[in-house]
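Novice: Any chance you can model this:
(2 chains)
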Amino acid sequence: DGGITQSPKYLFRKEGQNVTLSCEQNLNHDAMYWYRQDPGQGLRLIYYSQIVNDFQKGDIAEGYSVSREKKESFPLTVTSAQKNPTAFYLCASSQIVSVTYEQYFGPGTRLTVT
Amino acid sequence: QKEVEQDPGPLSVPEGAIVSLNCTYSNSAFQYFMWYRQYSRKGPELLMYTYSSGNKEDGRFTAQVDKSSKYISLFIRDSQPSDSATYLCALVGGSNYKLTFGKGTLLTVNP
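Specialist: A predicted model of the protein is given here:
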């Protein structure tokens, strides 16, 4: 059963702590993405990666870091430098060689920092 | 002017109604157009995609693109309570494969 998994579904952390969100895909997609979704703001791109060991900043990368050591995995670390980390985080993947560039999303992780 | 504008709603309709959801865009480089459906507290799921002006049908759903007016629409016929969700348009253009999303329209279909 192909798809994207994100864990955990809910995550609670104290302010000042770093936290890592997991994203795994078995779709054999080249590209992976991290988005943040806030009420009324739509989806905003944090980081994306086209190939292993390479990634680029999206529109709101400050306070976040990523790694891409394996094709199927793209973990996101929310650092203590992120000023407003409470949000719904979505991971997505896509095939680079595609006519339409559609992205497929995981179920999301809701992070609450207090 | 934002690249993609989408009325956030909320939109509330009775069961069986025809629903029209719309996005406008400013960048003529956008060439591929998608609609995602997102249920509450879930990830978005791809509903339809199209790349040419005109209509594309899939069951009760019709995606319409008018590139000359930079306007895209999603029509839902015979709407059902299970269609209650947030609908997001997403656009891709040029050599940049990144998606540009609208903010989403919250739809409620009342039984």
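Novice: Okay, and the beta partners of the spatially most central residue of chain A?
Specialist: When CA atoms, centre = their mean is applied to chain A, the residue found nearest the centroid is A:W34 (2.7 Å). Applying DSSP bridges to A:W34 gives these bridge partners: A:Y47, A:C91.
Novice: Pretty sure it sits against A:S49.
Specialist: No. Here A:W34 does not reach A:S49: they are 9.0 Å apart, not a contact under CB atoms under 8 Å. C-betas here are computed from N, CA, C, even on glycine.
Novice: Show me the common contact partners of those two, please.
Specialist: A:V66, A:F74 (CB atoms under 8 Å, 6 or more residues apart in numbering or on different chains).
Novice: Return the residues in contact with the residue nearest to the centre of chain A.
Specialist: A:21, A:23, A:45-48, A:58, A:64, A:66, A:74, A:76, A:89-92.
Novice: how much space is there between A:V66 and B:L91?
Specialist: Per CB to CB, to the nearest Å, A:V66 is found 24 Å from B:L91.
Novice: Kindly report the same for A:D38.
Specialist: Distance of A:D38 to B:L91, computed by CB to CB: 20 Å.
Novice: Around chain A, which positions in chain B sit nearby?
Specialist: Counting by CB under 8 Å from any CB of the partner chain, the positions of chain B adjacent to chain A are B:6, B:8, B:32, B:34, B:36, B:41-46, B:49, B:51, B:88, B:90, B:92, B:97-99, B:101-104.
Novice: Quick check: mean pLDDT of the strand or helix carrying A:R44?
Specialist: Assigned by DSSP states H and E, A:R44 belongs to strand A:42-49. Average pLDDT, strand A:42-49: 92.
Novice: The next helix or strand after it close to chain B?
Specialist: Using DSSP H and E, the helix or strand that follows strand A:42-49 in sequence is strand A:56-57. No. Judged by CB under 8 Å from any CB, strand A:56-57 makes no contact with chain B; its nearest approach is 9.5 Å.
Novice: does chain B sit close to the following helix or strand past strand A:56-57?
Specialist: Remark: after strand A:56-57, the chain's next helix or strand is strand A:64-66, criterion DSSP H and E. No. Using CB under 8 Å from any CB, strand A:64-66 stays clear of chain B, with a minimum separation of 15.4 Å.
Novice: Do you have the strands of chain A handy? List them.
Specialist: Applying DSSP state E to chain A gives strands spanning A:4-7, A:10-13, A:19-25, A:31-38, A:42-49, A:56-57, A:64-66, A:76-78, A:87-94, A:104-105, A:109-113.
Novice: Indicate which one of these is closest to B:S73.
Specialist: strand A:42-49 (18.1 Å; CB to CB).
Novice: Show residues contacting that closest one.
Specialist: So strand A:42-49 is contacted by A:31-38, A:55-61, A:64, A:66, A:68, A:74, A:76, A:89-90, B:6, B:44, B:88, B:98, B:101-104 (CB under 8 Å, 6+ apart).
Novice: could you give the angle of that strand to strand A:31-38?
Specialist: Orientation check (axes from the mean of the first three to the mean of the last three CA atoms, to 10 degrees): strand A:42-49 against strand A:31-38 gives 150 degrees.
Novice: so strand A:42-49 versus strand A:87-94, what angle?
Specialist: For strand A:42-49 against strand A:87-94, the angle by the same axes, to 10 degrees is 50 degrees.
Novice: Show me which residues of strand A:42-49 are buried.
Specialist: Neighbour-count burial for strand A:42-49, with 16 or more other CB atoms under 10 Å in any protein chain shown as criterion, is recorded at A:G42, A:L43, A:L45, A:I46, A:Y47, A:Y48, A:S49.
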